[in-house]
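Undergrad: Predicted model and sequence follow; I will ask about them next.
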Amino acid sequence: DGGITQSPKYLFRKEGQNVTLSCEQNLNHDAMYWYRQDPGQGLRLIYYSQIVNDFQKGDIAEGYSVSREKKESFPLTVTSAQKNPTAFYLCASSFAGGAETQYFGPGTRLLVL
Amino acid sequence: QKEVEQNSGPLSVPEGAIASLNCTYSDRGSQSFFWYRQYSGKSPELIMSIYSNGDKEDGRFTAQLNKASQYVSLLIRDSQPSDSATYLCAVNGWGFGNEKLTFGTGTRLTIIP
């Protein structure tokens, strides 16, 4: 089955801890994205990558980091510098950037202990 | 700052009626437009994409685009209880700097049996 997988489904972070959210796709998509969604809010772009070994900051990149070492994988690290990390994190991918349709993974819900 | 505006709702529609969802956008250069459906606690799923002025129909769904007036709408005919969800409008443009989708905050739709 082709698709986008995210793990874990739920993640708990302790004060001062870095945590990494996984995103994998087998759709052969070039572009991948990370969004954050807060209750009652739209999606806000954290980081995006249009090609391996290259990525750009989105609108709310502070306190987050990413890597794109493989086409299939785009992990997101929520660092201790992100003071309000509780949110629903969504990974998406598309054949290319720009006007191409983005498809979403199932999401990871991050909670702070 | 590119903006996408949606009425947050909730919009209540009787079962079997037509639901009409509207979205306006600020960037006159926008070229691609998407409607996503998001059930509570789940990730967004693509309903429709539209790129040209006019109507595009897919089953019970019709997307309408008017670039001169900078609005895009989604009509749902013969509304079903399973259509109850939040509908997100997303807008993008072409070319450098337009690799990102901008999302509205969504309209919550409730279909009343």
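TA: Thanks, I have the structure now.

Undergrad: Okay, and the beta partners of residue B:54?
TA: Beta bridges link residue B:54 to residue B:65 when assigned by DSSP bridges.

Undergrad: Does it touch residue B:67 like I think?
TA: No - contact criterion Cβ atoms under 8 Å: residue B:54 and residue B:67 do not qualify, at 10.0 Å. The C-beta positions use only the backbone N, C-alpha and C, and glycine is treated the same way.

Undergrad: distance of residue A:25 from chain B?
TA: 13 Å (Cβ to the nearest Cβ, to the nearest Å).

Undergrad: In this structure that residue contacts residue A:6, no?
TA: No - the pair residue A:25 / residue A:6 is not scored as a contact, 9.8 Å apart, by Cβ under 8 Å.

Undergrad: ok, and what's touching stretch B:55-74?
TA: Contact partners of stretch B:55-74, identified using Cβ atoms under 8 Å, 6 or more residues apart in numbering or on different chains, comprise B:20-26, B:28, B:30, B:33, B:35, B:47-54, B:75-78, B:87, B:89, B:91.

Undergrad: Cross those residues against strands and list the overlap.
TA: Members of these lying in strands (criterion: DSSP state E): B:20-25, B:33, B:35, B:47-50, B:54, B:75-76, B:87, B:89, B:91.

Undergrad: Just the buried ones from those residues?
TA: B:21-25, B:33, B:35, B:47-50, B:75-76, B:87, B:89, B:91 (16 or more other Cβ atoms under 10 Å in any protein chain shown).

Undergrad: just those that are near chain A?
TA: By Cβ under 8 Å from any Cβ of the partner chain, the members of those lying near chain A are residue B:49.

Undergrad: and of the buried ones among the ones in strands among the contacts of stretch B:55-74, the nearest to residue A:81?
TA: Of all these, residue A:81 sits closest to residue B:91, with 30.6 Å by Cβ to Cβ.

Undergrad: Pull the number of nearby residues for residue A:78.
TA: Other residues lying near residue A:78 total 24 when counted by other Cβ atoms under 10 Å in any protein chain shown.
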